[in-house]
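Asks: quick one: sequence and predicted model below, then my questions.
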Amino acid sequence: MSGRRISSQPTAANASSAPGSTVRIGVLASVIGFNLRMAQDASFRAFAKHAGLDHLKPGRYAAMTIIRDNPGIAQGEVGRAIGRDKSTVTPLIQDLQRQGFIVREASSTDRRRVTLRLTRAGDAALTSLSRRARDHERKLDAIVGDQKTAFVALLKKIATEIS
């Protein structure tokens, strides 16, 4: 950010645009969707910083985990599993392939189907990244404490019922 601080004080927007000024977010302070997005962004930034691998963001980590746990999975199935549509999962898969982390192969049972699997490099990268992800998850666990089960249940409920 450009030196601005975000204030959850629900008042009118700050007219000042000077660096270091506080930006009031007004009604957004109590909007669930906005706060989910802010928490997600903060978590993603912390994950990337902790992992030290800017090119392996949480979406790529999730895709690689799904592919590792489901060798031979189709690209569309990966997208559905991680909540991505075709327009966002295609570049993600292409990027993982360019990096040498996955290979795309023709299905042995359906010529129209392209399957995915991790390469040795992908497996090694995912193993390393998984250690860092566990450290990151421990930090999140410490923040939510003994309310984790209820918190995760609420997040899943939102994901399921909002569609």
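Replies: Perfect, thanks for sending it.

Asks: in the protein, where is pLDDT below threshold?
Replies: Along the chain, the model assigns pLDDT under 70 to residues 1-20, 53-56.

Asks: what about Gly33, neighbour count?
Replies: 10 (other CB atoms under 10 Å). All C-beta spots, glycine's among them, are computed from the backbone N, C-alpha and C.

Asks: so where does it fall, helix or strand?
Replies: Per DSSP states H and E, Gly33 falls inside helix 32-51.

Asks: export that helix to PDB, keeping only CA atoms.
Replies: Extracted C-alpha coordinates of helix 32-51, given in PDB (Å, rounded to 0.1, in the frame of the first residue of the first chain):
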ATOM      1  CA  ILE A  32     -18.800  -9.900   5.500                       C
ATOM      2  CA  GLY A  33     -17.600 -10.300   1.900                       C
ATOM      3  CA  PHE A  34     -15.200  -7.300   2.200                       C
ATOM      4  CA  ASN A  35     -13.700  -8.700   5.400                       C
ATOM      5  CA  LEU A  36     -13.400 -12.200   3.900                       C
ATOM      6  CA  ARG A  37     -11.500 -10.700   1.000                       C
ATOM      7  CA  MET A  38      -9.200  -8.700   3.200                       C
ATOM      8  CA  ALA A  39      -8.500 -11.700   5.400                       C
ATOM      9  CA  GLN A  40      -7.800 -13.800   2.300                       C
ATOM     10  CA  ASP A  41      -5.500 -11.200   0.800                       C
ATOM     11  CA  ALA A  42      -3.600 -10.900   4.100                       C
ATOM     12  CA  SER A  43      -3.300 -14.700   4.400                       C
ATOM     13  CA  PHE A  44      -2.100 -15.000   0.800                       C
ATOM     14  CA  ARG A  45       0.500 -12.200   1.200                       C
ATOM     15  CA  ALA A  46       1.800 -13.800   4.400                       C
ATOM     16  CA  PHE A  47       1.800 -17.300   2.700                       C
ATOM     17  CA  ALA A  48       3.800 -16.000  -0.300                       C
ATOM     18  CA  LYS A  49       6.300 -14.100   2.000                       C
ATOM     19  CA  HIS A  50       6.700 -17.100   4.300                       C
ATOM     20  CA  ALA A  51       7.100 -19.500   1.400                       C
END
